[in-house]
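Chemist: Attaching a predicted model along with its sequence, questions to come.
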Amino acid sequence: MKHSTMRLSTETMNLDFVKKVEALSGSSVRRCFQCGKCSAGCPMRSFMEHPPNRIVRFLQLGQYERVLAGRSIWYCASCETCTTRCPNKVDLAAIMDALRKCSWDAKGPSKESYVQLANRLFIDNIRTYGRQYEMRLAAVFNVKSGQFLKDLMLGPKLITRGKLKVFHQKNRNMAEIEQIFKRIEEMRKKGEAP
Amino acid sequence: MTPAKKLLSYSYYPGCSLHASAKEYDESTRGLFKALGIGLKEVPDWLCCGATPAHNVDELLSLSLCAKNLSLAEGVEGDLAVACAACFSRLKVTQHHLADNETKRKQVEYAIAGAVNLQKPVKHLLEILAKDFGLDRLTEAVQKPLSGLKVACYYGCLLTRPPEVPELDCVEAPTIMERVIGAVGAETVRWSHRMECCGANFTLSRPGVVLKLSGSILDSAKAAGADCLMVACPLCHGNLDIRQKEIEEATGERFGMPVFYMTQLLALAVGVAPGKLGFDSMIVNPLPLLKEKGLV
Ligand code: SF4
Ligand code: SF4
């Protein structure tokens, strides 16, 4: 490396954003001393452009925009290995959740659209039916992502094995479930919840 | 069973997969509990726990969905039994987070228009069998020991991690699965990938991830000399069983490794009829292996 000193201070850091992530995740960002243990155990490391420890470093350096715009955060599998092993009790899995939320809420220019589409459809399913129906989830995903032939060979096999429910009903308590979504939206509108 | 022993009875949260792609996990859980004389009563009108997609982008929604389920579970007596490792994790995380974060708890209470049930013990099936029921009693109940069956116990990510949350067993080197299946006579192999991620819900969005990660798991189990894998999570099961053929095509390697839910093997050992354990729902056919070992 050419630069011999790297200065971390509240100015280089963009403290506002770091504080937001810390509040959302309940974990310190500043405590990380870059030992790299999180990345050493991360199963998704090879799919990420930036490994987990570097993501924390970017936050410490105030370069959060590249984190939010990139695809690494969407390639985290939430396996909790990093959180389990961090010697400084940095809850990196929770920080990943917080970063995805920031990117999601900003409807920003993240490069990873498939994972976001799958998440959205999954959550929509809960609001519409109360439970997941895997067949519907997969079918709608394939149509919306333009991959009509994806897993085509798997479908019939799964149906004959009784693994996919073709018919399904809504929960009886759909009104209560809708209330949960509505009340969360209402709190957010009033600025009472993140 | 002697009447002096206390009768165990649980409320039950099956989760979405157990009503669809993992119905053999549900059937074998019910079969096993019935054979052991343990009561199991499904929570009415339970809803999706939100799993990974919800907490990935919306923690408040995830906590609220789980809190709603915990409050529905209040209506059914007994500790809450959970089979799916992901549902188990989400319900435990919710109780853990909301116990010491008043701000979040108030938001969740507003969302579900009620109090959060932090008291109800949430227990994975493994914990019920190993701790509440007891391994000695499990051994006593065996009618068909699984001797000679070499099992690779696969924990996946969420049964034990993160620290202080599920508190099922040691976070890095658990043995509960080996102890439970060992109690019914199976042999367990020592292997490297017991807790490596299978690729989880990337199965929908980025299946290439699953081919790679689940491929290494199958590889490692095979190298250790296992006859089969045993899991406690429908998503892991889907990745290792349903996608196994594709993994074989991608890697050129042949595994032919049946992937059982823990309850299928346990129920078989305590004498539940094989026809009731959903072996025909599995993509990698387990019957040749079970026949070879004299188990069906
Ligand atoms: S393990 Fe913890 S301290 Fe080490 S680099 Fe990762 S987040 Fe930082
Ligand atoms: S939780 Fe995400 S970042 Fe952490 S080890 Fe797992 S995949 Fe990597």
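Modeler: Noted; the coordinates are in hand. Numbers count the residues shown, from 1 in each chain, chains lettered A, B, ... in the order given. Ligands and ions are numbered 1, 2, ... in the order given.

Chemist: And the helix or strand containing B:A111, what does it pack against?
Modeler: Taking DSSP states H and E as the definition, B:A111 sits inside helix B:102-112. Counting contacts by 3 or more C-beta pairs under 8 Å, 6 or more residues apart in numbering or on different chains; DSSP states H and E, helix B:102-112 packs against helix A:174-189, helix B:59-73, helix B:85-99. Heads up, the C-betas are built off the backbone N, CA and C, glycines and all.

Chemist: could I get those helices as JSON lines with mean neighbour count, distance to ligand 1 and mean pLDDT?
Modeler: Below are those laid out as JSON lines (neighbours: other C-beta atoms under 10 Å in any protein chain shown; distance: least, C-beta to the nearest ligand atom, whole Å; pLDDT from 0 to 100):
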{"stretch": "helix A:174-189", "mean neighbour count": "16", "distance to ligand 1": "29", "mean pLDDT": "97"}
{"stretch": "helix B:59-73", "mean neighbour count": "25", "distance to ligand 1": "19", "mean pLDDT": "97"}
{"stretch": "helix B:85-99", "mean neighbour count": "24", "distance to ligand 1": "19", "mean pLDDT": "96"}
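
Chemist: Mind splitting the chain into its structural domains?
Modeler: Using chain A. For chain A, automatic domain parsing gives the domain ranges A:15-106, A:114-190.

Chemist: The intended chain is chain B.
Modeler: B:9-124, B:143-292.

Chemist: what's the closest of those domains to A:A175?
Modeler: For the domains of chain B, proximity to A:A175 was assessed by C-beta to C-beta; domain B:9-124 is nearest, at 11.3 Å.

Chemist: The closest one and ligand 2 in contact?
Modeler: No: counting by C-beta under 6 Å from any ligand atom, ligand 2 is not contacted by domain B:9-124; separation bottoms out at 10.2 Å.

Chemist: Show the end-to-end separation of that domain, please.
Modeler: Domain B:9-124 stretches 14 Å from its first residue to its last (C-alpha to C-alpha, to the nearest Å).

Chemist: what's the answer for stretch B:17-30, then?
Modeler: Start-to-end, stretch B:17-30 (C-alpha to C-alpha) is 15 Å.

Chemist: Stretch B:146-155 too?
Modeler: Stretch B:146-155 has an end-to-end distance of 20 Å (criterion: C-alpha to C-alpha).

Chemist: now stretch B:289-296
Modeler: Counting by C-alpha to C-alpha, you get 9 Å between the two ends of stretch B:289-296.

Chemist: contacting residues around that stretch?
Modeler: B:K144, B:L146, B:G148, B:L149, B:D227, B:C228, B:P258, B:L268, B:P274, B:F279, B:L287 (C-beta atoms under 8 Å, 6 or more residues apart in numbering or on different chains).

Chemist: same thing but at 7 Å, please
Modeler: With contact meaning C-beta atoms under 7 Å, 6 or more residues apart in numbering or on different chains, stretch B:289-296 is reached by B:K144, B:L146, B:G148, B:L149, B:D227, B:C228, B:P258, B:L268, B:P274, B:L287.

Chemist: Work out the gap between it and the centre of the chain.
Modeler: From the chain centre to the centre of stretch B:289-296 is a distance of 24 Å (C-alpha atoms, centre = their mean, to the nearest Å).

Chemist: returning to what we had before: between the domains of chain A, which gets nearest to B:G156?
Modeler: For B:G156, the closest of the domains of chain A is domain A:15-106, at 8.4 Å, according to C-beta to C-beta.

Chemist: So which bits of stretch B:247-265 are buried?
Modeler: B:I247, B:E248, B:F255, B:M257, B:P258, B:V259, B:F260, B:Y261, B:M262, B:T263, B:Q264, B:L265 (16 or more other C-beta atoms under 10 Å in any protein chain shown).

Chemist: I figured the last one hits B:M230, correct?
Modeler: So the one you mean is B:L265. Yes: at 6.1 Å, B:L265 and B:M230 qualify as touching, with contact defined as C-beta atoms under 7 Å.
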